[in-house]
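*Asks:* Build me a model:
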Amino acid sequence: MKNYKIVRISPMGHMLRRQLYVDYPELKTLPYDKQCKEILNGFYAYSGSFSQAMKQLGNDCSELIYDLECLQKQWAKENNIFLEEGKRWQQKIIAEQLKKIQPDVVYIQGISTIDSLYIESIRDKLPNLKLIVQYSGFPTGWDRIDPNALLLVGTPYMVKQANDNRLDAHLVYHSFDPSILQNINEDNHKRYNFTFVGSSGFGFGDGHKSRYWDLLKLSYNTPLELWIDERELLRKECDANPFKIALLQDNYYNDLNYQVQDYPTAPCKLSYLLTPEKKHAPVHGLDYFQLLNDSNMTFHRHTDQAFGFSGAMRLFEATGVGACLITDHTPNISELYDVDSEIVTYTNLAECVEKVNYLLENPKEMRAIAKAGQQKTLTRHTIKHRCEHIHELILSRLKQ
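*Replies:* Residues are numbered from 1 along each chain as shown. Purely as a prediction, here's the structure:
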């Protein structure tokens, strides 16, 4: 079998689900196919990039967003699917969608409500199903992976974790879709010197603790501006939230040589600790990529649960659109980019502040790093490169 029918099942995530229909309430009135097309073409979270790349390889590929209630229940309505009260609508609708598509391969993005164990449990309804692929970019949920699935993971450390849990895993990093560049304004005007675009980690326990405190300190010691997602904070609510003065010790703002274990879990939303000119409403989809493109330099810090290894989507997104990326140094970062010539890394926050200020004072050097980083992403880390690798792994398993 050289080609196959494949379905990717992916999530959108809690914050993005809420924000999507706040930004575009008209989506709820559209038929399923139009809703799905608008969402995938808008580059929200996992876009249609995967299916487009797989189709270019000769495969029949479909995309399903299992946790977007309005979208999925619209499909159920159009297909006369009765949903029992109290039952998990996500699993019920996915099962019906897969029965209709009858794929050879089911590819699951992430480990959550829909996982390889669930797909295995409905295999009798899918007579054509030959392989389940499970992708995980987060180091947890090993007990929810079927041992017969083709397991792909996002960092080298996760390969080790999988092996420790008696699972075979293949390393497949995240990637960038170059077609994004055709959908944003790529003029050379950079509106922002130094940005962070993403989650502060508030509401996620200690998983983002280092990022939270790094961001607070950077906001007071560099020109950093932040467009942050925080749980229960929607774009329409941002302007309604007053600036709050929190009684934190001075060192929480100024000590750059701190030890994160000496600090508490995030005491409040980070936006409450930022001065008004530093904080902005969160952005998503193409607005997210446009803002990164408009940044001279952008910041990234992996979650503490990455166990000191690189692999986050933002690495490839930021460099892909041409921002100079500064990120935490990890053992595997040099496998992805040449440090200090394609990206910038730091080992502690004092070093980060020093490098940020130096590069902002030397814009020619900063632009050269950004250009080299973008070139590396476009030649080594695109969705086409990743799907070619995934395609070969799938073909190898199908031949067994």
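*Asks:* Give the buried residues for the helix or strand hosting residue 371.
*Replies:* Assigned by DSSP states H and E, residue 371 falls within helix 363-380. Judged by neighbour count using 16 or more other C-beta atoms under 10 Å, the buried positions of helix 363-380 are 366-367, 369-370, 372-374, 376-378. No exception for glycine: its C-beta is placed from N, CA and C like everyone else's.
*Asks:* which residues touch that helix?
*Replies:* If you take C-beta atoms under 8 Å, 6 or more residues apart in numbering as the criterion, helix 363-380 is touched by 176, 178, 296-297, 316, 319-325, 336-338, 340-344, 359-360.
*Asks:* go with 6 Å
*Replies:* Helix 363-380 has contacts (C-beta atoms under 6 Å, 6 or more residues apart in numbering) with 176, 178, 316, 319-320, 322, 324, 337, 341-343, 359.
*Asks:* ok, now stretch 7-14?
*Replies:* With C-beta under 6 Å, 6+ apart, stretch 7-14 has contacts from 45-46, 50, 62-68, 101, 103, 106-110, 112, 114.
*Asks:* can you tell me which of the residues you listed are in strands?
*Replies:* 62-65, 106-109 (DSSP state E).
*Asks:* Of these, which is the nearest to residue 124?
*Replies:* For these, the residue nearest residue 124 by C-beta to C-beta is residue 106; the value is 14.0 Å.
*Asks:* can you count the residues close to the closest one?
*Replies:* 27 (other C-beta atoms under 10 Å).
*Asks:* Next one: it from residue 68, what distance?
*Replies:* Look at residue 106 and residue 68: by C-beta to C-beta, to the nearest Å, they are 18 Å apart.
*Asks:* One more: residue 355?
*Replies:* 40 Å.
*Asks:* And the two? Which one has more around it.
*Replies:* residue 68 (25 against 17).
*Asks:* Excluding chain neighbours, what is closest to the more buried one?
*Replies:* In space, not counting the residues next to it along the chain, residue 68 is nearest to residue 12; the distance is 5.1 Å by C-beta to C-beta, 6 or more residues apart in numbering.
*Asks:* One more: residue 165?
*Replies:* residue 142 (4.0 Å).
*Asks:* Next, give phi and psi for the one you found.
*Replies:* phi -60, psi -30 (degrees, to the nearest 10).
*Asks:* Next, count neighbours for it.
*Replies:* 17.
*Asks:* Which parts of the chain are strands?
*Replies:* Under DSSP E, the chain gives strands at 5-10, 60-65, 105-109, 131-136, 150-153, 170-171, 192-199, 225-229, 279-280, 295-300, 324-328, 344-346.
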